[in-house]
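Trainee: this is a predicted model, with the sequence first.
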Amino acid sequence: MLGPFPNYRQTELNWLKRLPDSWDILRTKHVFRLRIEKAPQNNQMELLSIYTHIGVKPRKELEQRGNKASTTDGYWIVKKGDIISNKLLAWMGAVGVSHYEGVTSLAYDILRPIQRCNTDYYHYLFRTPKYLQQFKIRSKGIMDMRLRLYFDQLGQIPVPVPPANEQDSIVLFLNWKTAQINRFIRDKRRLIELLKEQKQNIINQAVTRGLDPNVKLKSSGVEWIGDILEHWEVRRLKFLCHNLNEQTSEKQPGEKYIALEHVESWTGRIPLPDDDITFDSQVKRFQPGDVLFGKLRPYLAKVTRPQIGGVCVGEFLVLRATGDLSADFLEQKLRSKRVIDLIDSSTFGAKMPRADWTFIGDLKFAYPPADEQREILIHIQEKSAEIDQAISRAQREIELMREYCARLIVDVVTGQLDVRGIEVPEVAEEELLALEEDTADADDMIDDEGNRDETD
């Protein structure tokens, strides 16, 4: 059981009120110096980048997403154990220790310890909410996304300086605990993926083969559809719904504005922010019950059917079902994996792939009579509810574990909990880095150019 240190002393800081008696407190500039060492011409050194969630990683892992540097001549040289801080994004967590030799862009400050210290300890410390808040307070700029933290301000921030052996103990303990927590999160995320696959299988089976396995089949005449139930119809999508394109530059009171980032992939849930959103471009108007289909990166399956009217970005198709096909059934068909994969195969554009209504509207859809559509939708709703509850439980467990981890790190690196003398197995650096990357959320990961990783 972890407990506090036996003796503390008060500090003059309102955000770090007490420290163990044996710990010093110094300004950052008395622990680290700003290191400026430029890479030579035509160097072959590893190009490094930083993510807000997982820290420093080789940039080559991002090249497949189009983030390439034409040259690294004149970039800052980074040594193992250096702390690197992105001046523009430090307050968002773009600061951390490098476990690699390499180079970084000039957007970084490179901090190298003046005295013997375990820089992994400061990696944990600098990424706590307490220090991110200090970084923001000391950053200069007129708006959040233009704030810059220069070393003349970073260097003024007081930091705890535990004895060297205690820094090592803290790092070993936190590596061990975070590895345990990340394994738990990884396993829960794998469970969530399996549950989502199970849900998709239920939907795909229901909307392509119905609920009665004993009904005779016939050929649909369409290769990607295959056989269908003998009483089902096949028509092109453009004859089953209207693609609406009512443009506007404003929304009415009570209406909602929906962008792609507001729609959850594969579920269609719309967790809209509480604040009212403003926009300065043309948008599309939709009515309650219209189906919105995200044509940008269609593999993300951004398909939803809002129950209130509003406006949406032009990256959505606004589809209104006509007589033969209900809006509910259209939504489920469009979100089925087979349809998503087919539409995704038709996209154009490498970095920003988009689908085209000409292709989508020309697709042939198989569908049952109206009463059978209702039966299928009830079946999907009942089965999905059970799975959604299991997914929600797993997601809540992940949230609680992350909250626990964040609290534990803060308490340990600020000396509120004593980990001296606790025997812990050492975690291999490669395992720790792999677990961090495996459990990172894309929405939390921003690189040194402010780009979010949107591979999920």
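Mentor: Nice, thanks for sending it over.

Trainee: okay, domains of this structure per the record?
Mentor: Per automatic domain parsing, the domain ranges recorded for the chain read 24-161+440-456, 164-209+370-425, 211-367.

Trainee: between these, which gets nearest to L13?
Mentor: For the domains of the chain, the distance to L13 is smallest for domain 24-161+440-456, at 6.2 Å, taking Cβ to Cβ. Backbone N, C-alpha and C define where each C-beta goes, glycine included.

Trainee: what about the closest one, distance to the chain center?
Mentor: 19 Å (Cα atoms, centre = their mean, to the nearest Å).

Trainee: model confidence over it, on average?
Mentor: Throughout domain 24-161+440-456, pLDDT has a mean value of 84.

Trainee: the chain should start at 8 in everything you say after this.
Mentor: Sounds good: first residue 8 from here, last item domain 31-168+447-463.

Trainee: okay, the domains of the chain, which one's buried deepest?
Mentor: domain 31-168+447-463 (a mean of 18; mean count of other Cβ atoms under 10 Å).

Trainee: which strand or helix spans L55?
Mentor: According to DSSP states H and E, L55 maps onto strand 55-58.

Trainee: and the helix or strand following that strand, what does it pack against?
Mentor: Counting by DSSP H and E, the element after strand 55-58 in chain order, helix or strand, is strand 62-65. Under the contact criterion of 3 or more Cβ pairs under 8 Å, 6 or more residues apart in numbering; DSSP states H and E, strand 62-65 touches strand 55-58, strand 102-104, helix 436-445.

Trainee: columns distance to D369 on top of those, output as JSON lines?
Mentor: JSON lines is the format used below for those (distance: least, Cβ to Cβ, whole Å):
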{"stretch": "strand 55-58", "distance to D369": "41"}
{"stretch": "strand 102-104", "distance to D369": "49"}
{"stretch": "helix 436-445", "distance to D369": "40"}
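
Trainee: picking that back up, now the domains of the chain as CSV including distance to E19?
Mentor: Shown next, in CSV, are the domains of the chain (distance: least, Cβ to Cβ, whole Å):
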stretch, distance to E19
domain 31-168+447-463, 9
domain 171-216+377-432, 15
domain 218-374, 37
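
Trainee: what's the closest of the ones you listed to P11?
Mentor: Nearest of the domains of the chain (Cβ to Cβ): domain 171-216+377-432, 6.2 Å.

Trainee: what about that closest one, start to end distance?
Mentor: 19 Å (Cα to Cα, to the nearest Å).

Trainee: show me how far it is from its chain's centre.
Mentor: Worked out by Cα atoms, centre = their mean, domain 171-216+377-432 lies 14 Å from the chain centre.

Trainee: nearest to M8 among the domains of the chain would be which one?
Mentor: Of all the domains of the chain, domain 171-216+377-432 sits nearest to M8, with 10.1 Å by Cβ to Cβ.

Trainee: pLDDT of the closest one, averaged?
Mentor: 95.

Trainee: which parts of the protein are helices?
Mentor: 126-133, 136-145, 158-161, 171-216, 334-342, 344-351, 364-369, 377-420, 436-445 (DSSP state H).

Trainee: nearest residue to K137 in space, please, no chain neighbours.
Mentor: W22 (5.6 Å; Cβ to Cβ, 6 or more residues apart in numbering).

Trainee: before we move on, the earlier item: so which of the domains of the chain is nearest Y15?
Mentor: domain 171-216+377-432 (7.7 Å).

Trainee: coming back round to it: closest one to N14 among the domains of the chain?
Mentor: domain 171-216+377-432 (10.6 Å).

Trainee: of all the helices of the chain, which one is nearest R304?
Mentor: Of all the helices of the chain, the one in closest proximity to R304, counting by Cβ to Cβ, is helix 344-351 (8.3 Å).

Trainee: would you mind pulling the contact partners of the closest one?
Mentor: 207, 211, 215, 231, 305-306, 308, 340-341, 360, 362, 366-367, 370 (Cβ atoms under 8 Å, 6 or more residues apart in numbering).

Trainee: likewise stretch 44-52?
Mentor: Here stretch 44-52 has contacts from T79, D80, G81, Y82, W83, I84, E108, G109, V110, I117, using Cβ under 8 Å, 6+ apart.

Trainee: please repeat the previous calculation with a cut-off of 6 Å.
Mentor: Contact with stretch 44-52 is made by T79, D80, G81, Y82, I84, G109, V110, as judged by Cβ atoms under 6 Å, 6 or more residues apart in numbering.

Trainee: mind listing what the closest residue to the last one other than its chain neighbours touches?
Mentor: I take that to be V110. Once flanking residues are discounted, V110 sits nearest to Y82: 3.9 Å by Cβ to Cβ, 6+ apart. Residues near Y82 by Cβ under 6 Å, 6+ apart: A46, V110, S112.

Trainee: now do the phi/psi pair for Y82.
Mentor: For Y82, the backbone dihedrals are phi -70, psi 160 (criterion: degrees, to the nearest 10).

Trainee: how much space between it and R243?
Mentor: In this view, Y82 and R243 are 54 Å apart by Cβ to Cβ, to the nearest Å.

Trainee: how about the CA coordinates for stretch 395-407, as PDB?
Mentor: Extracted C-alpha coordinates of stretch 395-407, given in PDB (Å, rounded to 0.1, in the frame of the first residue of the first chain):
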ATOM      1  CA  ASP A 395     -23.800  -1.300 -27.000                       C
ATOM      2  CA  GLN A 396     -24.200  -1.800 -23.300                       C
ATOM      3  CA  ALA A 397     -21.100  -4.000 -23.200                       C
ATOM      4  CA  ILE A 398     -19.200  -1.500 -25.200                       C
ATOM      5  CA  SER A 399     -20.200   1.300 -22.900                       C
ATOM      6  CA  ARG A 400     -19.100  -0.600 -19.900                       C
ATOM      7  CA  ALA A 401     -15.700  -1.300 -21.400                       C
ATOM      8  CA  GLN A 402     -15.300   2.300 -22.500                       C
ATOM      9  CA  ARG A 403     -16.200   3.500 -19.000                       C
ATOM     10  CA  GLU A 404     -13.600   1.100 -17.500                       C
ATOM     11  CA  ILE A 405     -11.000   2.600 -19.800                       C
ATOM     12  CA  GLU A 406     -11.900   6.100 -18.800                       C
ATOM     13  CA  LEU A 407     -11.700   5.200 -15.100                       C
END
